[in-house]
Every structure is written in structure tokens, then in C-alpha cells.
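Novice: predicted model follows, preceded by the sequence.
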Amino acid sequence: MAVFRNSTKKPDSAPAIHSLLGKDVTFTGEIHTGARSLRIEGTVDGTIHSTGEVSIAPGGLVKGTVFAKHLIVTGRAEGVMKIAECLEIHGTGYVEGDVEVGSLVVDEGGTLQGVCVRKDQQAHGADKGAEANGVAKGGPLPLSKVDAKDLKKALEPPRH
């Protein structure tokens, strides 16, 4: 009888979903989640502020502005997205608008339509001043009324 030992570390479980906007729900306005995760299966027309993860499920739609640490799109997002770390667009995902990201992953079948700039993680040479102020390496997003101060404010925990 052979004994097998699994020497590899168990994969981490998926992060818990703290807030869910159901598929038959339409929300108009502003959402603040702090570091809690948010899954959108319905429709949001407005602004989302999150220092955690936001996911737009298949059939989900966000029209407006998203400030988040991590955004996963398998549904549809339209507007301005300022993502501090990673934007993931999965095979069924569609993103249209002005996007600023730390990093970008687009799976086969995923769509990014619009302007995308990478927020440079390391300051180099002449770009140091702009990056220290939160401006992306390629410059600020065109047609965007959102600036670095708004992004920093969105990523701060709410004060009570």
C-alpha cells in the first residue's frame, strides 16, 4: 500500500463576498465599501469607492466611476475606472471608458474599449514628480473629472 503525502500548500480559498447587489436590483448613487468586497450582479449607476475588491458578475452592469483596489469584470463596466492595483477583465467581461490601473489582465474574449494608462509603480527620472502626485506615467486620463486627490480620498477609510 502506497502512502502519498501532499507537500504543496493548499490553495487559498476565494475571498468572502461581504456585500452583494442582486441581479434584479438597480442602484443609483454612491457606494462606499471600505476594504470589504462587493459583488455586483445587478445594475449600478453612480460611483463606487472601495479599498478592497469589486467584482462585476456576468449580467452585472456599472455605469459611472469606480475607485477600487482590485476590479474583476465578467459583466460590463462603462465610465471611469481608477484601480490602485489590478483590473481583471475575464472572457465575458467588457470595459469601456477611461481606465487607470496598477496592472491589467485581459483574458481571451475580454474587451477593453477606450483609454487605458498604467499607474507607474516605481518612479523613474523625470516622471518622479508626476508619479508622486498620483498621475499615471502616460499623463492624466483625458476627459476625466477625477483627479489623484479624489482617488486618494476614495481609498481612505470613511471617518465617522
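Specialist: Cool, the structure landed.

Novice: where does the chain have low pLDDT?
Specialist: Using pLDDT under 70 as the threshold, the predicted model of the chain has low-confidence ranges 1-17, 121-160.

Novice: quick check: bridge partners of residue 26?
Specialist: Beta bridges link residue 26 to residue 43 when assigned by DSSP bridges.

Novice: with residue 103 instead?
Specialist: Note on residue 103: beta-bridge partners residue 86, judged by DSSP bridges.

Novice: how deep is it tucked in, by neighbour count?
Specialist: Counted with other CB atoms under 10 Å, the burial measure for residue 103 works out to 13 neighbours. For glycine as for every other residue, the C-beta is placed from the backbone atoms N, C-alpha and C.

Novice: relative to residue 82, how far out is it?
Specialist: Counting by CB to CB, to the nearest Å, the gap between residue 103 and residue 82 amounts to 14 Å.

Novice: can you check residue 98 too?
Specialist: For residue 98, the distance to residue 82 equals 9 Å [CB to CB].

Novice: repeat for residue 66
Specialist: Residue 66 sits at a distance of 7 Å from residue 82 (criterion: CB to CB).

Novice: these two: which is more packed in?
Specialist: For residue 66 against residue 82, the residue with the higher neighbour count under other CB under 10 Å is residue 66, and the figures read 29 against 26.

Novice: now do the strands in this protein.
Specialist: Taking DSSP state E, the strands of the chain run over residues 19-21, 26-34, 38-40, 43-50, 53-56, 61-73, 76-89, 94-106, 111-118.
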